[in-house]
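S.K.: quick one: sequence plus predicted model below, questions after.
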Amino acid sequence: MRDIIQATKEYVKQKLSAEVTGHDWWHIKRVYENSILIMKETADPLQREVVELAALLHDIADWKFHDGDESIGPRVAREWLESQQVHEKVIRHVCQIVKDISFKGAGTHNSMKSIEGQIVQDADRLDALGAIGIARTFAYGGFKGRELFNPIIEPKMHKTAEEYKSQQSTTINHFFEKLLLLKDRMNTQAAKKLAIERHQYMVEFLKKFFQESQHEGSHHYKLLSYYN
């Protein structure tokens, strides 16, 4: 299995090394390392190879870059794992994690079905928080051609995945619509602890942003009090 893990690392690195939205190889590497860290603090019995493979393949074909097609990620992951002759039971488990991992709106709750999936989902969400999360958010917003900030456009708590996918928002709104919600949606105790400091860093960044842009009286600034 170690050979398959190494081969998967090389495969993902080759596929995503030139990616510019913050979903690149270095994001994958951080999620992989966060997954290892969380595993070490998880008492539940688990399949280590499932966690490692799912962490490496979770963004191999993200629906956000494939016209909202949620089937493409699991399909590409399966094709790769089958080419490596991975056991079918492991393939099914990894592909289920890849399918379920994404955040799809404040009003949706896609619960992970296994401790392995919970670990990888937490590791992925940790990389959306803190200083790295801020940097990735602006990289993605620029790629999508989003307006940086518009005080007239208020954040929206999307009730369905379809609404979340189709809504064109601003980069600053993305913090309220997703990132500031993640701390309270972590699955594991280890990730919950790690998320606290990263979450607070984003809150302080946004406070500074609104102060410097002279929007301390805005609806956005007032919303921050709910996230402290």
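M.R.: Nice, thanks for sending it over.
S.K.: my read: residue 39 touches residue 49, true?
M.R.: No. In this structure, residue 39 is not within contact of residue 49 by CB atoms under 8 Å, at 11.3 Å. No exception for glycine: its C-beta is placed from N, CA and C like everyone else's.
S.K.: neighbour count: those two, which is higher?
M.R.: residue 39 (21 against 18; other CB atoms under 10 Å).
S.K.: quick one, what contacts the more buried one?
M.R.: 46, 48, 51, 119 (CB atoms under 8 Å, 6 or more residues apart in numbering).
S.K.: which SS class is it?
M.R.: helix (DSSP: H, G, I helix; E, B strand; the rest coil).
S.K.: how close does it sit to residue 135?
M.R.: Distance from residue 39 to residue 135, counting by CB to CB, to the nearest Å: 26 Å.
S.K.: endpoints of stretch 142-150, how far apart?
M.R.: One end of stretch 142-150 to the other measures 15 Å (CA to CA, to the nearest Å).
S.K.: dump the biggest helix by length in the chain to PDB, restricted to CA.
M.R.: Secondary structure assigned by DSSP state H gives helix 189-212 as the longest helix of the chain. Extracted as PDB, the C-alpha positions of helix 189-212 are listed here (Å, rounded to 0.1, in the frame of the first residue of the first chain):
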ATOM      1  CA  GLN A 189     -12.100  16.900  18.700                       C
ATOM      2  CA  ALA A 190      -8.600  17.400  17.300                       C
ATOM      3  CA  ALA A 191      -9.900  19.500  14.400                       C
ATOM      4  CA  LYS A 192     -12.200  21.500  16.700                       C
ATOM      5  CA  LYS A 193      -9.200  22.600  18.800                       C
ATOM      6  CA  LEU A 194      -7.100  23.500  15.800                       C
ATOM      7  CA  ALA A 195     -10.000  25.500  14.200                       C
ATOM      8  CA  ILE A 196     -10.400  27.900  17.100                       C
ATOM      9  CA  GLU A 197      -7.300  30.000  16.500                       C
ATOM     10  CA  ARG A 198      -7.600  30.000  12.700                       C
ATOM     11  CA  HIS A 199     -11.300  31.100  13.000                       C
ATOM     12  CA  GLN A 200     -10.400  34.000  15.300                       C
ATOM     13  CA  TYR A 201      -7.600  35.100  12.900                       C
ATOM     14  CA  MET A 202     -10.200  35.500  10.200                       C
ATOM     15  CA  VAL A 203     -12.500  37.400  12.400                       C
ATOM     16  CA  GLU A 204      -9.700  39.800  13.300                       C
ATOM     17  CA  PHE A 205      -8.700  40.200   9.600                       C
ATOM     18  CA  LEU A 206     -12.300  41.100   8.700                       C
ATOM     19  CA  LYS A 207     -12.600  43.600  11.500                       C
ATOM     20  CA  LYS A 208      -9.400  45.300  10.200                       C
ATOM     21  CA  PHE A 209     -10.700  45.100   6.600                       C
ATOM     22  CA  PHE A 210     -13.900  46.900   7.500                       C
ATOM     23  CA  GLN A 211     -12.000  49.500   9.600                       C
ATOM     24  CA  GLU A 212      -9.600  50.300   6.800                       C
END
